[in-house]
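**Q** Turn this into a structure:
(chains A and B)
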Number of protein chains: 2
Amino acid sequence: MRARKPEPQLEEIPAAECWELLSRHNVGRIAIVVDGKPQIFPVNYGLKGKVIVFRTAAGAKLAHAPESPIAFEVDEYDASAGAGWSVMVQGTGRDVTEAADDFSWTARGARVHPAAPGDKLHMIAVNPTLISGRRFGPRNGSPRGNS
Amino acid sequence: MRARKPEPQLEEIPAAECWELLSRHNVGRIAIVVDGKPQIFPVNYGLKGKVIVFRTAAGAKLAHAPESPIAFEVDEYDASAGAGWSVMVQGTGRDVTEAADDFSWTARGARVHPAAPGDKLHMIAVNPTLISGRRFGPRNGSPRGNS
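**A** Numbering: from 1, shown residues only, chains lettered A, B, ... in the order given. Now for the predicted structure:
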């Protein structure tokens, strides 16, 4: 009585493949917590190894991301194919604009090109503690279960 | 010495237009706070008036969205046009799956069609307290400053 197509399955994306997906995109979203309440902002990002870096001006992200728990997410959904995926990174924000430690030096090597206008003089990095991803639907022309 | 194109301007989107944008889309992201740390999840959503509704199964969203501060975001970026926008709603999550109050009745009228597989028996609504949006770049073929 239901639709004829087999129901697509939701599957976990292995961590290595999550990083690969992040390396092929450049628009994601950052979630921060302000006074106990979450906020979400789109960002252009770059990757340097397993560090996610975005640029920002003064504002909520600069005030509340550094030294705080933050989340970063990228997703894609193709309605015509009935396929989608998302990757979430949880970690701690770091202001790497000027700091001289190794982490900041490395993070500043990420190539980040903000699309939105305005001077974004600060570089914030996500020091990751957890990465997870999920996908569903056909991919690469192969049916389900071919992962 | 800089690029020849005039720099696009970032502008606020009026609230009424933010709601209009949300009404024309159906994929967004929810941010919740779990043990003080933010998490982001993509969702298919529906609107009923100014209430955003999504479906979910048991899991982090069901455990941490109801009666808690949450954020909802939709964005779009057209790299070839150099244009983008985002809308964020901040509010409180409500489990409207079965509750008999007016808010829940109304929210259950939203049409929500999850693309991801799996039974999503619970309906969560975002009771909005704040909506904000930003955009940049040309739109409708008109140059900047024509808002």
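
**Q** close to chain B, is the lengthiest strand in chain A?
**A** When chain A is parsed with DSSP state E, its longest strand is strand A:122-136. Yes: contact of strand A:122-136 with chain B (CB under 8 Å from any CB of the partner chain) involves A:134, A:136. C-beta: built from backbone N, CA, C; applies to glycine.

**Q** so what strands line up beside that strand?
**A** Take DSSP bridges as the rule and strand A:122-136 pairs in its sheet with strand A:11-12 (antiparallel), strand A:51-56 (antiparallel), strand A:83-95 (antiparallel).

**Q** deepest of the ones you listed, which one?
**A** For these, the largest average neighbour count (mean count of other CB atoms under 10 Å in any protein chain shown) is found in strand A:51-56, namely a mean of 24.

**Q** what's the following helix or strand after that one?
**A** Per DSSP states H and E, strand A:51-56 leads on to helix A:60-64 as the next helix or strand towards the C-terminus.

**Q** Doesn't residue A:20 lie inside a helix?
**A** Yes: if the criterion is DSSP: H, G, I helix; E, B strand; the rest coil, then residue A:20 is within a helix.

**Q** what pLDDT does it get?
**A** At residue A:20 the predicted local confidence, pLDDT, stands at 98.

**Q** before we move on, the earlier item: now the longest strand of chain A: buried residues?
**A** Neighbour-count burial for strand A:122-136, with 16 or more other CB atoms under 10 Å in any protein chain shown as criterion, is recorded at A:122, A:123, A:124, A:125, A:126, A:127, A:128, A:131, A:133, A:134, A:135, A:136.

**Q** Was I right to think the fifth one contacts residue A:89?
**A** Going back to what we said before, that points to residue A:126. Yes: taking CB atoms under 8 Å as the contact criterion, residue A:126 and residue A:89 are neighbours in contact, 5.9 Å apart.

**Q** Residue A:120 contacts residue A:55, doesn't it?
**A** Yes: using CB under 8 Å, residue A:120 is in contact with residue A:55, at 3.7 Å.

**Q** Overlap in contacts, those two.
**A** Applying CB atoms under 8 Å, 6 or more residues apart in numbering or on different chains, one finds that residue A:120 and residue A:55 are jointly contacted by residue A:114.

**Q** Once you drop chain neighbours, what's closest to residue A:38?
**A** Distance criterion CB to CB, 6 or more residues apart in numbering or on different chains; nearest residue to residue A:38, sequence neighbours excluded, is residue B:31 at 3.8 Å.

**Q** neighbours around that neighbour, how many?
**A** By the measure other CB atoms under 10 Å in any protein chain shown, the count of residues near residue B:31 is 28.

**Q** Mind listing the residues bridging to residue A:27?
**A** So, taking DSSP bridges as the rule, residue A:27 has residue A:44 as bridge partners.
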